[in-house]
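Student: sequence unknown, structure follows:
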């Protein structure tokens with residue numbers, strides 16, 4: 001196989017397919033090197049947030065002397081460029097001034113919730129490089145021009161990976177929103193009151209405010225400082241009738257006279 005001829009032919013084909021995306025870094029055999037800008041067509045699905053960045057994978061290919069019988073060496077770089085659209089910028093400025101709130105009155109921060117822009121390909125490139133190396137073996141690409149197949153694979157794999165990551169972010173975002181909603185609803189439900197919990201709360205409440213002591217003072221004032229019969233019984237100060245009469249300065253005769261007066265009054 002004429003390796004030089006094979007490599008030159010493949011390079012010409014790639015230039016015709018990617019006239020604006022391909023850049024030749026070295027066209028001298030056996031150190032041919034070039035890079036291709038692979039612009040990704042990313043689908044945001046049902047996401048309400050727009051994609052504000054253009055994602056491009058820059059793939060650099062180095063062809064060894066015995067390529068295609070030896071695999072090419074691939075280096076990948078992820079590039080993110082924000083869309084430059086004056087109309088979009090003006091609309092974006094207006095949107096930033098607008099304050100939006102969710103159903104619970106919480107302020108919505110658009111930039112933090114723009115899920116499509118949270119995804120970066122930089123962390124995926126090492127895994128993608130391994131996948132390409134495996135593809136060369138499993139698809140038996142050795143011995144044939146493989147650069148076009150690898151470029152197509154890079155684009156397809158990246159777009160698929162992006163869709164999977166966006167789905168995961170949306171699922172996580174929905175779960176977090178549900179948790180926030182549950183917490184908001186819990187504020188309105190409160191704690192269920194039972195007879196036991198009410199009595200416990202009532203006891204603590206009266207103790208903290210010393211309501212029982214204040215009630216005792218009010219009752220004493222209502223009876224001019226004297227204990228009621230129930231209070232005397234509860235406090236163990238109940239004595240004999242003679243003791244009460246002595247305390248009041250009354251005698252048995254006095255009591256008898258009072259009773260007689262009462263009987264006459266009734267007649």
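Tutor: Yep, that arrived. Just so it is clear, the structure is predicted and the values come from calculations on it, not from any experiment.
Student: Which residue lies nearest the spatial centre of the protein?
Tutor: Note on the chain: the residue nearest the mean C-alpha position is residue 176, at 4.0 Å, using Cα atoms, centre = their mean.
Student: so that one is in which element?
Tutor: helix 147-189 (DSSP states H and E).
Student: Show me what that helix is packed up against.
Tutor: With contacts taken as 3 or more Cβ pairs under 8 Å, 6 or more residues apart in numbering; DSSP states H and E, helix 147-189 sits against helix 3-17, strand 33-39, strand 53-62, helix 125-138. To be clear about C-beta, it is placed using only N, CA and C from the backbone, and glycine gets the same treatment.
Student: can you give me the angle that helix makes with strand 33-39?
Tutor: Orientation check (axes from the mean of the first three to the mean of the last three Cα atoms, to 10 degrees): helix 147-189 against strand 33-39 gives 40 degrees.
Student: now helix 147-189, how far from the centre of its chain.
Tutor: Offset of helix 147-189 from its chain centre (Cα atoms, centre = their mean, to the nearest Å): 13 Å.
Student: Mean confidence (pLDDT) on that helix, please.
Tutor: For helix 147-189, the mean per-residue pLDDT is 89.
Student: Quick check: what element follows it along the chain?
Tutor: helix 195-209.
Student: Now tell me what touches that following helix from outside.
Tutor: The contact list for helix 195-209 (Cβ atoms under 8 Å, 6 or more residues apart in numbering) reads 191, 211, 212.
Student: gap between the residue nearest to the centre of the chain and residue 166?
Tutor: 16 Å (Cβ to Cβ, to the nearest Å).
Student: Ok, residue 158 next?
Tutor: For residue 158, the distance to residue 166 - Cβ to Cβ - is 13 Å.
Student: Residues that sit against both of the two, list them.
Tutor: Here residue 158 and residue 166 share no contacting residue, scored by Cβ under 8 Å, 6+ apart.
Student: May I see the domains of the protein written out as residue ranges?
Tutor: 3-189, 191-225, 227-267 (automatic domain parsing).
Student: from the middle of its chain, how far away would the first one be?
Tutor: Just to be clear, that refers to domain 3-189. With Cα atoms, centre = their mean as the basis, domain 3-189 stands 25 Å off its chain's centre.
Student: Same list (the helices and strands packed on helix 147-189) but as JSON lines, adding mean pLDDT and distance to residue 144.
Tutor: Shown next, in JSON lines, are the helices and strands packed on helix 147-189 (pLDDT from 0 to 100; distance: least, Cβ to Cβ, whole Å):
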{"stretch": "helix 3-17", "mean pLDDT": "97", "distance to residue 144": "9"}
{"stretch": "strand 33-39", "mean pLDDT": "98", "distance to residue 144": "18"}
{"stretch": "strand 53-62", "mean pLDDT": "97", "distance to residue 144": "15"}
{"stretch": "helix 125-138", "mean pLDDT": "97", "distance to residue 144": "10"}
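Student: Nearest to residue 115, out of these?
Tutor: Ranking those by proximity to residue 115 (Cβ to Cβ) places strand 53-62 first, at 12.5 Å.
Student: so what strands line up beside that closest one?
Tutor: Using DSSP bridges, strand 53-62 pairs in its sheet with strand 33-39 (antiparallel), strand 73-82 (antiparallel).
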